[in-house]
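Colleague: need a 3D model of the sequence below.
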Amino acid sequence: MSFLLANTLSGEKEEVFAANGKQLGIYCCGPTVYGPAHIGNFRTFIIQDIFRRVTELSGISVKHVRNITDVDDKTIRQSQAEGRSLEEFTQQWRTKFEEDSDALGLLMPHEAPSAVAHLPEQIQMIKELEAKGLAYQAEDKSVYFRISAFEGYGKLSRIDQRELKLGASKSANASDEYDKESIADFVLWKAWKEEDGENGWDSPWGRGRPGWHLECSAMSQKYLGDSFDMHSGGVDLIFPHHENEIAQSEGATGKPFVRHWLHVAHLMVDGGKMSKSLGNLYTIEDLIQKGFSAGEVRYVLASGHYRKQLNFTFDTLHSARQALGKLSSFSERLESLSGKPLPAYEELCKMDSPDLGVFEPAWNALLDDLNTAECLGKVFVGMRKAEAELGKEQSPESARAYQIGLSWVIHSLGIILPEKAEVAEIPEEIQGLAKQRWEAKLSKDWGKSDELRDALAERGWQVKDAKDSYEIRPIS
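Modeller: Next up, the predicted model:
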């Protein structure tokens, strides 16, 4: 089965493949390092990680590039507010991002370039655009991209220049509003201002710094070439960031920029938008301090289809804990029967299309537009089937076959199984009370059901009902 993925550019599901027949190049817009990344950021990075894993397990070699934005208005202003150099300030948050990424089980990109380290490439691209009449320097010494001279602007976001001109005055970033020919034009090189302090670099147009959009175009070109296979980011980057990247890159090279675009929908928290003012803009450290593991956070962030908004709640974290406990217990049972641990990701990548058995439907769900939600559902269906079969035959060979199928899907999703000590043990008494309550509920004996619920609560446990089942979890 081919790996199909929705392409924002075409609006259709298309096959994932390496155009050069050797290696698929993917560029992912990375973090702006002025503070810790929040779980909304990490939802996108986790989906990108799952994409890479599924691609590699499909037998396609990948070159993964994810940049670091270490110079922009936010990094400069915050570093100045703290009385620190830009380099020292951004390195601190880059290190924190890498630590969080490691805790979440993200594969390290093959290249992680920073904007400041690639200023020569950015200056060269502006020169090329200027030579083609696509860039101009305004009276304030800043350099802008001339959108009216680039045919096809808006093809990714499906916005035409009429709509762009009407909306630009409402959406323009005040820091980018200089003496432009058109309000729709965007900045390539920002002229130095006194408030920038020491944060400026020499260029043919005077001292200044690159525009945010330019950074990604120059770095992706350096590591993946003029044209490459895949580009990814959150849906908020479609316009203007990715639209501007296309204009810069194709304007400079005259070649198609990216063939396939992967965009990830927003993360909601308790049904609303994340916001510092609401106190729901959580970082990985915030959630760990509340008693949850990075593995549980990853499970939740991977649990919804990437093209749909995902609602994050503490209930979903509790459910993730229960699900991971079941997966861990089953994995331990298989290990006990086979006498071998689950195969590692690197070992799986060397296998040639193994038979996944009861876990094949879960893998096929990932191959159909990276449907992680359906995949997880089918993992547990497969696990129940495997448990039933193991009840009939418990040979090391059959257990090993199930191990390969289970680990294939687990590693595709990057699931982090808890250590045995981390899995909450549910006492037999609690299991018995929960079962009685469920039976009372099915019998519509509401009084008894409530009585048993209170008895569970007194012992520090609660029951979360689903459509056809229930989960037992400790009260946090």
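
Colleague: can you tell me the SS state at K464?
Modeller: strand (DSSP: H, G, I helix; E, B strand; the rest coil).

Colleague: how far away is it from F150?
Modeller: K464 sits 53 Å away from F150, going by CB to CB, to the nearest Å. The way it works is simple: take the backbone N, C-alpha and C, and place the C-beta from them, glycine included.

Colleague: so between the two, which is more surrounded?
Modeller: The neighbour comparison of K464 against F150 (other CB atoms under 10 Å) goes to F150, with 20 against 13.

Colleague: what are the neighbouring residues in contact with the more buried one?
Modeller: Listed by CB atoms under 8 Å, 6 or more residues apart in numbering, the contact set of F150 reads 134, 247, 250-251.

Colleague: quick one: R453 from P343, how far?
Modeller: Remark: distance between R453 and P343 (CB to CB) = 42 Å.

Colleague: quick one: the strands in the stretch 201-350 of the chain?
Modeller: Along the stretch 201-350 of the chain, counting by DSSP state E, counting those that start in this stretch, strands occupy 208-210, 228-234, 258-264, 267-269, 272-273, 310-312.

Colleague: so for the shortest one, mean pLDDT?
Modeller: Translated: strand 272-273. On average, the pLDDT along strand 272-273 is 92.

Colleague: lowest average pLDDT across the strands of the stretch 201-350 of the chain?
Modeller: strand 272-273 (a mean of 92).

Colleague: give the other helices and strands that it contacts.
Modeller: For strand 272-273, there is no helix or strand it packs on, judged by 3 or more CB pairs under 8 Å, 6 or more residues apart in numbering; DSSP states H and E.

Colleague: start the count at 40 instead of 1 going forward.
Modeller: OK, 40 is where the count begins now, so the last one is strand 311-312.

Colleague: what strands line up against it, and which way round?
Modeller: Using DSSP bridges, strand 311-312 pairs in its sheet with strand 306-308 (antiparallel).

Colleague: pull out the buried positions in the partner strand.
Modeller: 306-308 (16 or more other CB atoms under 10 Å).

Colleague: what residues does it touch?
Modeller: Outside strand 306-308, the residues that touch it by CB under 8 Å, 6+ apart are 78-79, 82, 313, 317, 319-321, 340, 348-352.

Colleague: filter the residues you listed down to just the ones in helices.
Modeller: Mapping these onto helices (DSSP state H) picks out 78-79, 82, 340.

Colleague: which two in those residues are spaced the farthest apart?
Modeller: In terms of CB to CB, the ones in helices among the contacts of strand 306-308 reach their longest pairwise distance at G79 and L340, which sit 9.1 Å apart.

Colleague: comparing the two, which shows the higher neighbour count?
Modeller: More crowded of G79 and L340, by other CB under 10 Å: L340, with 24 against 21.

Colleague: give me the pLDDT for the more buried one.
Modeller: pLDDT recorded at L340 is 98.

Colleague: now the one 4 residues further on
Modeller: Reading off the per-residue confidence, H344 sits at a pLDDT of 98.

Colleague: surely N80 is in contact with P70?
Modeller: Yes: assessed by CB atoms under 8 Å, N80 is found in contact with P70 at 6.2 Å.

Colleague: which one's more surrounded, the two?
Modeller: Between N80 and P70, P70 has the larger neighbour count (other CB under 10 Å), namely 25 against 19.

Colleague: do you know how far H77 is from S332?
Modeller: H77 is 17 Å from S332, by CB to CB.

Colleague: typo on my end, D241
Modeller: Distance of D241 to S332, given as CB to CB: 48 Å.

Colleague: okay, these two: which has more neighbours?
Modeller: More crowded of D241 and S332, by other CB under 10 Å: S332, with 20 against 11.

Colleague: ok, that one touching E458?
Modeller: No: using CB under 8 Å, S332 makes no contact with E458, being 9.9 Å away.

Colleague: out of the strands of the stretch 240-389 of the chain, nearest to E432?
Modeller: Across the strands of the stretch 240-389 of the chain, closest to E432 is strand 349-351 (CB to CB), at 39.2 Å.

Colleague: ok, that closest one: who's next to it in the sheet?
Modeller: Its sheet considered, strand 349-351 pairs with strand 306-308 (parallel) by DSSP bridges.

Colleague: ranges for the helices of the stretch 90-239 of the chain?
Modeller: 112-120, 125-142, 158-170, 200-210 (DSSP state H, counting those that start in this stretch).

Colleague: those into TSV, with extra columns for distance to D407, mean neighbour count and mean pLDDT?
Modeller: Listed next are these as TSV, based on distance: least, CB to CB, whole Å; neighbours: other CB atoms under 10 Å; pLDDT from 0 to 100:
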stretch	distance to D407	mean neighbour count	mean pLDDT
helix 112-120	38	17	96
helix 125-142	27	18	98
helix 158-170	38	19	98
helix 200-210	33	13	51
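
Colleague: nearest to D325, out of these?
Modeller: Checking those against D325 by CB to CB gives helix 125-142 as the closest, at 11.0 Å.

Colleague: for the closest one, name the packing helices and strands.
Modeller: Checking 3+ CB pairs under 8 Å, 6+ apart, helix 125-142 ends up next to helix 112-120, helix 323-328.

Colleague: and K389, how many neighbours?
Modeller: K389 is flanked by 7 other residues according to other CB under 10 Å.

Colleague: now do it against G98, distance only.
Modeller: Counting by CB to CB, the gap from K389 to G98 is 10 Å.

Colleague: go on, R248?
Modeller: 42 Å.

Colleague: pLDDT score for D507?
Modeller: Reading off the confidence values, D507 has pLDDT 67.

Colleague: try M40
Modeller: For M40, the predicted pLDDT is 87.

Colleague: in this structure, which ranges drop under the pLDDT threshold?
Modeller: Judged by pLDDT under 70, the chain has its weakly predicted residues at 200-217, 459-464, 506-507, 515.

Colleague: nearest to K113, of the buried residues of strand 306-308?
Modeller: Closest to K113, out of all of these and judged by CB to CB, is L306, at 20.2 Å.

Colleague: what sits against the residue nearest to M422 when sequence neighbours are not counted?
Modeller: Distances taken as CB to CB, 6 or more residues apart in numbering place F369 nearest to M422, at 5.5 Å, with adjacent residues excluded. Residues in contact with F369 (CB under 8 Å, 6+ apart) are 422, 425-426, 445.

Colleague: over to M269?
Modeller: M269 makes contacts with 55, 63-66, 90, 297-301, as judged by CB under 8 Å, 6+ apart.

Colleague: can we see that at 6 Å?
Modeller: Going by CB atoms under 6 Å, 6 or more residues apart in numbering, M269 touches 65, 299.
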